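Peer 1: Sequence and predicted model, in that order:
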Number of protein chains: 2
Amino acid sequence: MANDLTIGEMAARSGVATSALRFYEERGLIASMRTEGNQRRYAQATLRRVAVIRAAQAVGLSLEEVRAAFQALPDGRAPTGRDWERLSRAWRGHLDRRIQALERVRDDLTGCIGCGCLSLERCALFNPGDQLAAQGAGARILRVPE
Amino acid sequence: MANDLTIGEMAARSGVATSALRFYEERGLIASMRTEGNQRRYAQATLRRVAVIRAAQAVGLSLEEVRAAFQALPDGRAPTGRDWERLSRAWRGHLDRRIQALERVRDDLTGCIGCGCLSLERCALFNPGDQLAAQGAGARILRVPE
DNA sequence: GGCTACCCTCAAGTAAACTTGAAGTGAGGA
DNA sequence: TCCTCACTTCAAGTTTACTTGAGGGTAGCC
C-alpha cells in the first residue's frame, strides 16, 4: 500500500530509533511486511502500537508484559478502539497502584527521614522487604511492588 | 567499638545482601573500618545510611545520584537529623515531580487510549520526546523525566 | 589446637532494553 | 551507469545494580 511506512519513516514519526523498532519486532511486539527487496514496511496501525508500547513503558511495564498484553489483541485485523480500551483499563490499575506506592514512600520520606528519627524498629523505610523486594540478579527496573 | 557491625550483621539488620553492601562501598556510598584481619566493621550510623539509599532508590534515584547527594553530608561526624532533613527535602521534590508525571500519563492513558482516538497530532502519548527522552545506551532505569 | 561459620578479593555472569559496528543489499536520482 | 542514502543481518557492546563462584583467610567457641 502507498500508506505503508519504511522503518525510517516509522522512526521519524514515532520518535523511536530504527534499532529499537527492529528490536521490538524481534521480541514479537510489532510486525512488518517485506518488500521484494526484503525491506520492512509497516502498516499505519503499527504506529499506534508503538505509541502504546512507549506509554506502557512510562507506566512501568516491561516489554515482556506488553508483549503478553498484546497477545489479547486480534491477530488478523487492526485493533479497534475497544481493543485498546481493554488494555488501557488494565494498565490504568497498574499505574494507580504505582502512584499509590510512590505516595507512600513520599509520606514515609517526609515523616520519617525528615524528622530525623529513623528508628529501626518503627520506621517503614527500614523495612526493605516492604518497599523493595529482592528481584534476583541484574539491573533493577524501577518498579515499586504492587 | 563493641557497637560496630560486621557485614553479616549489617545485611541482617538492613535487609541488604552482603554483596550489595560491598558494592555500595566500592561505589563510595558507604564506608567501613577494618579489623586487624581485614574484615569490615560498620558504624551504627551506616545502618541509617543504607536505609536512606534504599529509600532513595524507591524514589527513583540512581546510586550515582545518591552518591552525589551524600557528598553534601559531613565527612567526619555522623550526619545529624538536620543533615538528613535537607536530603529528604530535595528528594521529596523529585518524588513529587515523578508522581505528577505518572499522573499525567495516567490521564493521557485514560483519555487518549481509552477513548480509542489516539490521534497522532493531538495525543500527548504520541509525543515520545515529551514522555521518554532518549537516554543513551544501556538499560533504562524507569525514570519519568522531571 | 581444631572446627565451623563468617569474612576477604577478584573475575565473571545476569537482566533489560537497546545501540553500535561491520559487511553487504536495494532504490532512486544525475 | 554511478552514486549515495537507506535498508539488511548478525555479533558484540553498553548501562545499572547487583549476584555468583573460586580460592583463600579470620573469629571465636570448645
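Peer 2: Received it, and whenever you're ready, just let me know what you need. Residues are numbered from 1 along each chain as shown, chains lettered A, B, ... in the order given.
Peer 1: Just the element for the residue sitting nearest the centre point of chain A, please.
Peer 2: Geometric centre of chain A, nearest residue: A:Gln57, 2.3 Å, by Cα atoms, centre = their mean. Per DSSP states H and E, A:Gln57 falls inside helix A:44-59.
Peer 1: contacting residues around A:Leu61?
Peer 2: Shown in contact with A:Leu61 (Cβ atoms under 8 Å, 6 or more residues apart in numbering or on different chains): A:69, A:91, A:94. Any C-beta I mention is one placed from the backbone N, CA and C, and that applies to glycine too.
Peer 1: Highest neighbour count among these?
Peer 2: Neighbours here mean other Cβ atoms under 10 Å in any protein chain shown. Within these, the largest count is held by A:Trp91, at 24 neighbours.
Peer 1: Give me the buried stretch members for stretch A:12-30, please.
Peer 2: Of all the residues in stretch A:12-30, those buried under the rule 16 or more other Cβ atoms under 10 Å in any protein chain shown are A:13-16, A:20-21, A:24-25, A:29-30.
Peer 1: thought A:Tyr24 was touching A:Thr46?
Peer 2: No. Because the distance of 9.5 Å does not satisfy Cβ atoms under 8 Å, A:Tyr24 is recorded as not touching A:Thr46.
Peer 1: okay, and the common contacts of the two?
Peer 2: Here A:Tyr24 and A:Thr46 have A:Ile30 as joint contacts, going by Cβ under 8 Å, 6+ apart.
Peer 1: Among the buried residues of stretch A:12-30, name the ones in helices.
Peer 2: Cross-referencing the buried residues of stretch A:12-30 against helices under DSSP state H gives A:13-14, A:20-21, A:24-25.
Peer 1: Longest helix in chain A, please.
Peer 2: Per DSSP H, chain A has its longest helix at helix A:81-108.
Peer 1: what about that one and chain B, any contact?
Peer 2: Yes. Among the residues of helix A:81-108, A:81-82, A:84-85, A:87-89, A:91-92, A:95-96, A:98-99, A:102-103, A:105-106, A:108 lie within reach of chain B under Cβ under 8 Å from any Cβ of the partner chain.
Peer 1: A:Arg77 belongs to a strand?
Peer 2: No. Counting by DSSP: H, G, I helix; E, B strand; the rest coil, one finds A:Arg77 to be coil, located in no strand.
Peer 1: tell me the pLDDT at it?
Peer 2: Per-residue confidence (pLDDT) for A:Arg77: 75.
Peer 1: any idea how far it is from DNA strand C?
Peer 2: 26 Å (Cβ to the nearest atom of the strand, to the nearest Å).
Peer 1: For A:Arg41, which three-state class applies?
Peer 2: When the structure is reduced to helix, strand and coil (three-state DSSP), A:Arg41 reads as strand.
Peer 1: ok, now which ones touch the closest residue to A:Gly28 other than its chain neighbours?
Peer 2: Of all residues beyond its chain neighbours, the one nearest A:Gly28 is A:Arg67 (5.5 Å), with distances taken as Cβ to Cβ, 6 or more residues apart in numbering or on different chains. The neighbours of A:Arg67, taking Cβ under 8 Å, 6+ apart as the test, are A:27-29.
Peer 1: quick check, nearest of those to A:Leu73?
Peer 2: When the contacts of A:Arg67 are compared for distance to A:Leu73 (Cβ to Cβ), A:Leu29 comes out closest, at 10.9 Å.
Peer 1: just to revisit the earlier point, what is the nearest of the contacts of A:Arg67 to DNA strand D?
Peer 2: A:Arg27 (12.7 Å; Cβ to the nearest atom of the strand).
Peer 1: Just put the ones in helices among the buried residues of stretch A:12-30 in a markdown table and tack on distance to chain B and pLDDT.
Peer 2: Conversion of those to a markdown table gives the following (distance: Cβ to the nearest Cβ, whole Å; pLDDT from 0 to 100):
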| residue | distance to chain B | pLDDT |
| --- | --- | --- |
| A:Arg13 | 7 | 90 |
| A:Ser14 | 7 | 89 |
| A:Ala20 | 10 | 96 |
| A:Leu21 | 12 | 97 |
| A:Tyr24 | 13 | 97 |
| A:Glu25 | 18 | 96 |
